[in-house]
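*Asks:* Fold the following and give me the result.
(3 chains)
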Amino acid sequence: MTAARLVGRAGERALLPCLVLLLSALSILPFGRLLAEGVAPKGVPSLDAVVAALSRSSTWVATVHSLEVAIGGTVLAVILGSAVALTVTLTDARLRSSFIFCFVLPLMIPPQVTALAWLQVMAPSSPLLGLLGFEPRLGQPNPLYSRQGIILILGLQYAPLVFLALRAGLRGLPGDLIEAARAAGGRPWTVLRTIILPLMAPHLIAATALSFVSCVGNFGIPAFLGIPANYLVLPTLIYQRLAGLGPTSLSEVSVLALVIGLIALTGIILQGIVTRGRDSRTMMMSVATRPFALGTWQRPVTWVMWLVVVAMLGLPVLGLLSTSLVPAYGVSLSAATATLENYNFVLFGHAASKRAMVNSFLLAAAAAVIVIAISVVLAYFLVWRRSVLLSLLNLAAELPYAVPGVVLAIASILVFLKPLPILGFSLYNTVWIILFAYVARFLILGLRPVVGGYSQLDRGLEEAAQVAGAGFFTRLRTIILPVISPSAVAGGFLVFMTAFNELTVSALLWSSGAETLGVVVFGFEQGGESTYASALALVTVVVTLALMLATLAAGRALPKGALPWRD
Amino acid sequence: MRGLASGLGAAASLVVAAILVSTPAAADKLTLYTSQPDKDAAETVAAFKAERPGTDVEIFRSGTTEILGKLAAEFSAGQPRPDVLLIADAVSMEILKKDNRLAAYKEAKLDGFPAGAYDPDRTYFGTKLITSGIVYHKNAKFQPTSWADLARPELKGQIIMPSPFYSGAAVIVLGAVTQQSSLGWKYFESLAANQTVSARGNGAVLKSVASGEKPYGIIVEFMALNAKAKGSPVEFVFPKEGVVPVTEPVAILRTAPNPVAARAFVDFLLSEKGQKVAAKQGYMPALSGIPSEMGLPPGEVNLMPMDVGRILSTTEEDKKRFAQLLGE
Amino acid sequence: MARLILDRVSKSFGTQEVLHGVDIDVADGELLAVLGPSGCGKTTLLRLVAGFETLNGGSIDIGGRRVSGNGIHVPPEDRRVGIVFQSYALWPHLTVEGNVEYALRVAGTPAVERRRRVADVLAKVGLEGFGSRRPAELSGGQRQRVALARCLVMEPSLVLLDEPLANLDVHLRASVEAEFVEFHRRTRTTMIYITHDQAEAMALADRIAVLDQGVLMQIAPPAKLYAEPANAMVAGFVGRGMVIPAIVLTGEVDGRCRVSVFGMEVVVRCASGQRAISQAMLCLRPRDLSVTFGDGIPCRLSRAIYQGGGFRLEVEPDMAADTMLTLDVPDTAGIGHGDRVAVTIRDGWVIPA
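*Replies:* Numbers count the residues shown, from 1 in each chain, chains lettered A, B, ... in the order given. Modelled structure (predicted):
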């Protein structure tokens, strides 16, 4: 055995403890610290913090609000997302791939931008409505500053999530099962009710749970729509406490974070309970190919689908655009008043937004690269070296994404507030704490496509290299990486775009000099500078769209199914 | 495929390198925390940098109260970042001064500044006079002239004001108005009865009034007057009972990493040049002899009498009581 | 029970034509097997009859009713056509009973009658007492029967079977095959049986339709299909026929004629009215050939393969070394690779031109 091979062996053996350590630091440590802060602030077991937080009426009001909007938003998302998924997958409506791209696009647009954009659409005095000749009545409030407004936008934001989950399920639905039902005399609606929906139940339930957890954890939408109406949900309550009072409120917000975590986990556990006992394993793979002909309805249905896209995508973008072109809010937009001054300011004049662009870009890129580096190694073990320990590692990777972002943010503050041992400096108030949180939170987004890539990889490829005498790292570099890299790149893109548009985590973790795009847009809107906010938001939308189109152009090099917006 | 893999590796090293480069220890860097609107802060810093080209200024902008929260977080992490603070009101400065966070700057040139404009211990210095008054949409049927007008029943559901949980100026409005025998807490109770909404900052108030969503608001005068000049459909009125003044003080932190540049920045704000920049932005300069370019000269405006010391002692209690009436 | 008529049925997907002018007339109560290599269009044919696809040309009538063609397209749910899918397509979320009673439930049949008919049909397929099981708990053969029961419970006018034995173990096939024959004999339901397995088709069908590349090659009873293939494709596809060139020397007399094959003259079967032509095709089966030590077609042995109980010889005629003739012998009698053998032809069929 040569020295190089010995090193390779040792490297492989040492990697697993490294991964355990890494995931402990990324996931188990922060959440453990959070739990400890809730039940034992300052290291002494005590329920004082819990009692203090739970005895405030604001906590309960925010909890009720969180549940209200999460349930409402989920119901809306499930209805809209399922309707579209069923139509697109099961009927012969036309122009589907471009429709799917457009319908999934809002998922890649950050929630706070969606909220901001819809505010511009719905504001009685918005430049957009002004252009259309609407004259607002004084004192007429923006209907979106309300519970219903939050529910509506949450529903629109997460409908694509339900769509994707259900579409994936429908694509695995054997066409025979539908045809058998039709041959047995079932009309399309009957077949939908008695065969398709029952078979899709696990997917629908999973999509519902996912959407519920996302709604509970969403910060951007209730921050933009709820705070001005004093309608606080748990994430915005945490934000206000922490922003207003600083770390003195940490014990209390830790309890609030635990409450959100609990609600989210309840949703996930409920999903497990409801799904258990259902047997919907199908035995054959012969995929359904749009079994229902729309006939004379084909044209109207296609039109309605495009109307949905225009409403979900076109209107908000127009709203942003029109607001970003006026010199001051309330000034009506016309050829005479239109100005690019807002763009000039956010792109060239305003130091923080220039910084934020660089920060968000580098944070997202760094998070993507680190996540993919971890994923390539972790997935190797997850797919090819199954063990209980590895299942636990997988769970540890899932956790930071499964729980709402504010929970992870608070947990990260708790871990990094005090200076690090030995090194003697604190990561809190630096850009590094955001990077840490991004890597922890988005690890699973990169890991899933890479695991998918490994699963499709013939183990024999690697074993052949091993027989040929290649050590672990040599195999990784020469055999695995070249084959895995399309999945890895797809995962990296997903992480990049999600992190680039992130607000929830950075809203609590940012510091001066370490602003993110989300934070700056939020700051503008909070300060009443909707015109700047709209201009910057539109810039981020354009960048996001450009990246998505770039991945489409990269086309076949990237694996199918790894990027949600590519059908 | 191999191309993708090596591309990935190259991207990794590039990003890591970029991050390392993007956080350099600048030779002369000044960190400013301010509650000025983004645009004003950017202009102020640009004027300062014209005077002192070698200094790189990093601005962090938020509401005064939020800045204090951020600072509290930094103090507990043991790494306060800013050199200078430029925030709305003296009361907030007093809180920091009490905690021994501010550095005295005995050599500050204060000729021409009224004695009340700065801390006798020279830890903070008022840079301008910002007054809070009433803004209304130009199409509003009723044109208010006094604070008391906002309590009229016909304005129910039409008023917005900045939250003292965000704005420093609002803290002083709250403190000053509740000290008036003619207004007092009864006034805020009637505002609450009129379904007045509290917003996060003066900017949010301006937007709400300009859009007509809430036609009446309490606001700092320069913001309303600047917007009006830009074409925004708003009017500003100095209420009869008197406007509530704040001084937008500047202070140097005791922990300032770059005290030299910090002093230079204070010097600049207090200089004739700095004061003229403020005047141009629509503020009333604190330095006597520099005329305001917008609104009324301070002499002709009635200032609401107030006891700043008492505000300092009651401010926490005031905020709580306010939250009960109007929310945070 | 119904007669099924396909009249000049054509179907294209995009620019690709998968069925080209197919004419099939299935008598009431007949079991017709549709046989062909994969991709020949047989599944498309079934889907057209079921109504899952629309026609591009021609028409389909079931029981005297036009269901496809001439601008008519009766949707599948209104055709009363029973289907047994290759995958069985059992709904995993329903029990055996739930699967079987589905059609009745959809049709609004009262519960009492529904229960009776489900019990009846389950008894018929030998699955009494399995009603509450889930499909996942059944063996392959049992699932197959559930699929059949589900199809029969609606008393369809026509039953379509799409390779129903393809997913069964080899040893199960024979018994299920026998059950099908018995079942068809008892019910006389018109059945269309899609398969690529000719043994299966031969064993079951009244008639077999052979499809190739979307064109109907021949439709005939199994024995006739084997003995008298209509063209070279059928000859080669059914029963491993060898198709070799021959000269027809004389016209047909009593169903026979004289032909010359590789220089040897023999008498073989032919269609009535077969005339003498110089370029004909002869279909030969291995059993039509034998090794002789007398006169025969001179060949070279290229391979002898032992096949339990005897040998299959592959020989190349000297006159056409690229043609391979195969024949079965009980033993090789000591000849080996490269040795010379003479082959005689006992019987053959002149493929009609």
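*Asks:* what bits of the chain have low per-residue confidence?
*Replies:* You didn't say which chain, so I picked chain A. Along chain A, segments meeting pLDDT under 70 span A:1-11, A:42, A:95, A:134-136, A:245-248, A:277-291, A:555-562, A:566-567.
*Asks:* if you could check chain B rather than the one you did, that'd help
*Replies:* B:1-27, B:294-300, B:328.
*Asks:* now the residue lying closest to residue C:210 once chain neighbours are set aside: how far from residue C:97?
*Replies:* Excluding the flanking residues, the one nearest residue C:210 by Cβ to Cβ, 6 or more residues apart in numbering or on different chains is residue C:217, at 4.3 Å. Using the backbone N, CA and C atoms, a C-beta is placed for each residue, glycine as well. As judged by Cβ to Cβ, to the nearest Å, residue C:217 and residue C:97 stand 43 Å apart.
*Asks:* Let me see the residues that make contact with the helix or strand the residue nearest to residue C:210 falls within.
*Replies:* Following DSSP states H and E, the helix or strand that holds residue C:217 is strand C:215-220. Under the contact criterion Cβ atoms under 8 Å, 6 or more residues apart in numbering or on different chains, strand C:215-220 has outside partners C:20-24, C:32, C:36, C:207-211, C:225, C:228-231, C:233-234.
*Asks:* Just the buried ones from the residues you listed?
*Replies:* Among the contacts of strand C:215-220, those classed as buried by 16 or more other Cβ atoms under 10 Å in any protein chain shown are C:20, C:22, C:24, C:32, C:36, C:207-211, C:225, C:228-231, C:233-234.
*Asks:* Let me see the backbone angles for residue C:280.
*Replies:* Backbone geometry at residue C:280, expressed as degrees, to the nearest 10, gives phi -120, psi 170.
*Asks:* got a list of what it touches?
*Replies:* Residue C:280 touches C:245, C:246, C:247, C:248, C:259, C:350, C:351, C:353, counting by Cβ under 8 Å, 6+ apart.
*Asks:* now residue C:138
*Replies:* C:96, C:130, C:146.
*Asks:* same question, residue C:45
*Replies:* C:6, C:9, C:19, C:22, C:34, C:194, C:211.
*Asks:* Quick check, central residue of chain A?
*Replies:* Taking Cα atoms, centre = their mean, the centroid of chain A lies closest to residue A:498, which sits 6.4 Å from it.
*Asks:* Which helix or strand contains it?
*Replies:* In the assignment (DSSP H and E), residue A:498 maps to helix A:481-500.
*Asks:* So the helix or strand following that helix, near chain B or not?
*Replies:* For helix A:481-500, the following helix or strand on the C-terminal side (DSSP H and E) is helix A:504-509. No - applying Cβ under 8 Å from any Cβ of the partner chain, one finds helix A:504-509 separated from chain B by no less than 9.9 Å.
*Asks:* Briefly note if the very next helix or strand once past helix A:504-509 comes near chain B.
*Replies:* Downstream of helix A:504-509, the next assigned helix or strand under DSSP H and E is helix A:517-526. Yes - Helix A:517-526 reaches chain B (Cβ under 8 Å from any Cβ) through A:523, A:524, A:526.
*Asks:* which residues touch the second one?
*Replies:* Under the criterion of Cβ under 8 Å, 6+ apart, the contact partners of residue A:524 comprise A:530, A:532, A:533, A:536, B:38.
*Asks:* Let's see that with 7 Å instead.
*Replies:* A:532, A:533, A:536 (Cβ atoms under 7 Å, 6 or more residues apart in numbering or on different chains).
*Asks:* and the gap between residue A:145 and residue C:280?
*Replies:* 90 Å.
*Asks:* Residue A:548 now?
*Replies:* 65 Å.
*Asks:* now residue A:531
*Replies:* 89 Å.
*Asks:* sorry, back to before: return the member of the contacts of residue C:280 nearest to residue B:286.
*Replies:* Residue B:286 lies nearest to residue C:351 out of these, by Cβ to Cβ, at 112.2 Å.
*Asks:* Could you check how many residues crowd around the closest residue to that closest one other than its chain neighbours?
*Replies:* Leaving aside its sequence neighbours, residue C:351 sits nearest to residue C:281 (Cβ to Cβ, 6+ apart; 4.2 Å). Number of residues near residue C:281 (other Cβ atoms under 10 Å in any protein chain shown) recorded here: 19.
*Asks:* Over to residue A:75?
*Replies:* Residues near residue A:75, counting by other Cβ under 10 Å: 16.
*Asks:* Could you do residue C:44 as well?
*Replies:* Residue C:44: 21 neighbours (other Cβ under 10 Å).
*Asks:* That one reaches residue C:18, doesn't it?
*Replies:* Yes - here residue C:44 reaches residue C:18: they are 5.0 Å apart, a contact under Cβ atoms under 7 Å.
*Asks:* overlap in contacts of these two?
*Replies:* Joint contacts of residue C:44 and residue C:18 (Cβ under 7 Å, 6+ apart) are residue C:11.
*Asks:* quick one, strands of the stretch 201-328 of chain B?
*Replies:* B:216-220, B:234-237, B:244-246, B:249-253, B:284-285 (DSSP state E, counting those that start in this stretch).
*Asks:* Can you say which of the ones you listed is nearest to chain C?
*Replies:* strand B:216-220 (59.3 Å; Cβ to the nearest Cβ).
*Asks:* For residue 24, which non-adjacent residue is spatially closest?
*Replies:* Reading this off chain A. residue A:396 is the one closest to residue A:24 (Cβ to Cβ, 6+ apart), at 7.3 Å.
*Asks:* that's the wrong chain, I wanted chain C
*Replies:* Closest to residue C:24 by Cβ to Cβ, 6+ apart is residue C:6, at 4.3 Å.
*Asks:* got the phi/psi numbers for that neighbour?
*Replies:* Note on residue C:6: its backbone torsions stand at phi -100, psi 120 [degrees, to the nearest 10].
*Asks:* So it versus residue C:191, what's the distance?
*Replies:* Residue C:6 sits at a distance of 15 Å from residue C:191 (criterion: Cβ to Cβ).
*Asks:* next one: residue A:276
*Replies:* According to Cβ to Cβ, residue A:276 and residue C:191 sit 42 Å apart.
*Asks:* Residue B:245 too?
*Replies:* 97 Å.
*Asks:* And for residue C:336?
*Replies:* Residue C:336 is 50 Å from residue C:191, by Cβ to Cβ.
*Asks:* If you count surrounding residues, which of those two has more?
*Replies:* residue C:191 (26 against 9).
*Asks:* Could you name the helices and strands sitting against whichever helix or strand the more buried one is part of?
*Replies:* Secondary-structure element containing residue C:191, defined by DSSP H and E: strand C:190-195. With contacts taken as 3 or more Cβ pairs under 7 Å, 6 or more residues apart in numbering or on different chains; DSSP states H and E, strand C:190-195 sits against strand C:31-35, helix C:42-50, strand C:158-162.
*Asks:* and the contacts of strand C:215-220, which of them are in strands?
*Replies:* Residues of the contacts of strand C:215-220 located in strands (DSSP state E): C:20, C:21, C:22, C:23, C:24, C:32, C:207, C:208, C:209, C:210, C:211.
*Asks:* of the residues you listed, closest to chain A?
*Replies:* For those, the nearest to chain A is residue C:32 (18.3 Å; Cβ to the nearest Cβ).
*Asks:* what's across from that closest one in the sheet?
*Replies:* Taking DSSP bridges, one obtains residue C:192, residue C:207 as the residues bridged to residue C:32.
*Asks:* I figured residue B:88 was touching residue B:245, is that so?
*Replies:* No - between residue B:88 and residue B:245 there is no contact under Cβ under 7 Å: 10.8 Å.
*Asks:* any residues in contact with both of these two?
*Replies:* residue B:130.
*Asks:* Residue C:270 reaches residue C:256, doesn't it?
*Replies:* Yes - contact criterion Cβ under 7 Å: residue C:270 and residue C:256 qualify, at 6.5 Å.
*Asks:* Counting neighbours, go ahead and name the busier of these two.
*Replies:* Shown here are residue C:270 and residue C:256; by other Cβ under 10 Å, residue C:270 has more neighbours (26 against 15).
*Asks:* If I look at the more buried one, what pLDDT would I see?
*Replies:* Note on residue C:270: pLDDT of 92.
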